[in-house]
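Engineer: please find the sequence and the predicted model below.
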Amino acid sequence: MLLTDVDTFTSMSQSYTTTNILGIASGKGGVGKTTVAVNLALALCAQNLRVGLLDADLGLANSQILLGVNAPLNVSHVFDGTKTVADVAVETHHGLLLIPGASGNQSLANISSMEARSLIDQILESFPDLDVLLIDSAAGLSSANMSFLDACSIRLLVMQDEPASIADAYGLIKLESRKDRLKDLYLVPNRVSSEQAGKRLFDKMNLVCMKFLEEPVSYLASVLQDDLYSRATRKRETILEHHPSSLATKNITDLAAVLMTKLSQANISGPVREQV
Ligand SMILES: Nc1ncnc2c1ncn2[C@@H]1O[C@H](COP(=O)(O)OP(=O)(O)OP(=O)(O)O)[C@@H](O)[C@H]1O
Ligand SMILES: [Mg+2]
């Protein structure tokens, strides 16, 4: 059952130990958030981390499709009070804990900030052993999306080198800047031809941020264009499991390694999940 009482919610928030909560955002849709979230989650699992993936695309969820798993229940059952988070969560054979999102449910795509934070709290309470909780968000800057991002300790902004993606990524950066948390925002250029091309896209974006917001953004790493992602999804395969020697697997594994280094350097802990 979801919490509705602010006091209960606040006291629960303060009783957790540390989990890194990472949001995957984009602004524009279709730029590769779910692809990055799912594959990054699997790469972190492969590093023996206990990883949870919340499919926070509550209107058009599809993480389970990319993972090739069937999820009979999803968060809509948590929101209607018939199931708990533990009931709907799926342990995949990769060792990943998936909390499936709902599909075709418009009301869930508009949940309040309180409901989003309550859902995350329940996940943390039900699975206290998680090292990392990745949150794959929906496209756009809805209040539900922003609520999920508010609950994260760092945010990865997936973008492509095309005008609409750049414009929408900048829109999200501006919002993050107003919340004074650009230092926790990392750009992930996706579908680029090389790491250098991704870095050039980042540099371009960083220049705009320096000029108009007077502060920099950070670069994580780039994800290269690779048709293997869609081919694997069509076959309900994952690249890490079924194509371990592919360039895409190396690329995502490297991305996970860079992220782990950043996390350990920054010793980041989430605003929702605080020390006991
Ligand atoms: N690096 C890549 N190389 C090739 N194809 C990619 C890459 N990243 C994503 N894609 C493809 O782009 C399409 C959209 O990707 P994805 O669903 O991950 O985007 P999304 O940002 O999650 O979309 P939405 O905003 O609808 O949630 C998919 O067909 C996916 O296979
Ligand atoms: Mg998606």
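Structural biologist: Received the coordinates, thanks. Ligands and ions are numbered 1, 2, ... in the order given.

Engineer: now do the strand ranked longest in the chain: everything it contacts.
Structural biologist: When the chain is parsed with DSSP state E, its longest strand is strand 185-192. Contacts to strand 185-192, defined as Cβ atoms under 8 Å, 6 or more residues apart in numbering, come from residues 31-32, 35-36, 154-161, 169, 173, 176, 197-199, 201-202, 205-206, 217-225, 255, 262. Glycine gets a C-beta too; all of them are placed from N, C-alpha and C.

Engineer: ditto for stretch 232-242
Structural biologist: Contacts of stretch 232-242 (Cβ under 8 Å, 6+ apart): 38-39, 42-43, 46, 65-68, 94, 228-229, 243, 246, 248-249, 252-253.

Engineer: only the buried subset of these, as a PyMOL command please.
Structural biologist: Burial among those is assessed by 16 or more other Cβ atoms under 10 Å; the matching PyMOL selection reads:
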select buried, resi 38+39+42+43+46+65+66+67+68+94+229+243+248+249+252+253
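
Engineer: now narrow the contacts of stretch 232-242 to whatever sits close to ligand 1.
Structural biologist: Contacts with ligand 1 within the contacts of stretch 232-242, as defined by Cβ under 6 Å from any ligand atom: Tyr229.

Engineer: settle this for me: Thr84 is touching Ser126, isn't it.
Structural biologist: Yes - using Cβ atoms under 8 Å, Thr84 is in contact with Ser126, at 7.0 Å.

Engineer: list buried residues within the contacts of strand 185-192.
Structural biologist: Buried, going by 16+ other Cβ under 10 Å: 31-32, 35-36, 154-161, 169, 173, 176, 197-199, 201-202, 205-206, 217, 219-224, 255, 262, out of the contacts of strand 185-192.

Engineer: now, those that are in strands?
Structural biologist: Ile154, Arg155, Leu156, Leu157, Val158, Met159, Tyr219, Val223, Leu224.

Engineer: show me the shaky parts of the stretch 1-150 of the chain.
Structural biologist: Scanning the stretch 1-150 of the chain for pLDDT under 70 picks out 1-17.

Engineer: what does the stretch 151-276 of the chain put close to ligand 1?
Structural biologist: Residues of the stretch 151-276 of the chain found near ligand 1 (Cβ under 6 Å from any ligand atom) are Asn190, Arg191, Val223, Gln225, Asp226, Asp227, Tyr229, Ser230, Thr233.

Engineer: ok, now with 5 Å
Structural biologist: Arg191, Val223, Gln225, Asp226, Tyr229, Ser230 (Cβ under 5 Å from any ligand atom).

Engineer: is it possible to get those residues out as CSV so that each row also shows pLDDT?
Structural biologist: Formatted as CSV, those follow (pLDDT from 0 to 100):
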residue, pLDDT
Arg191, 98
Val223, 98
Gln225, 98
Asp226, 98
Tyr229, 96
Ser230, 94
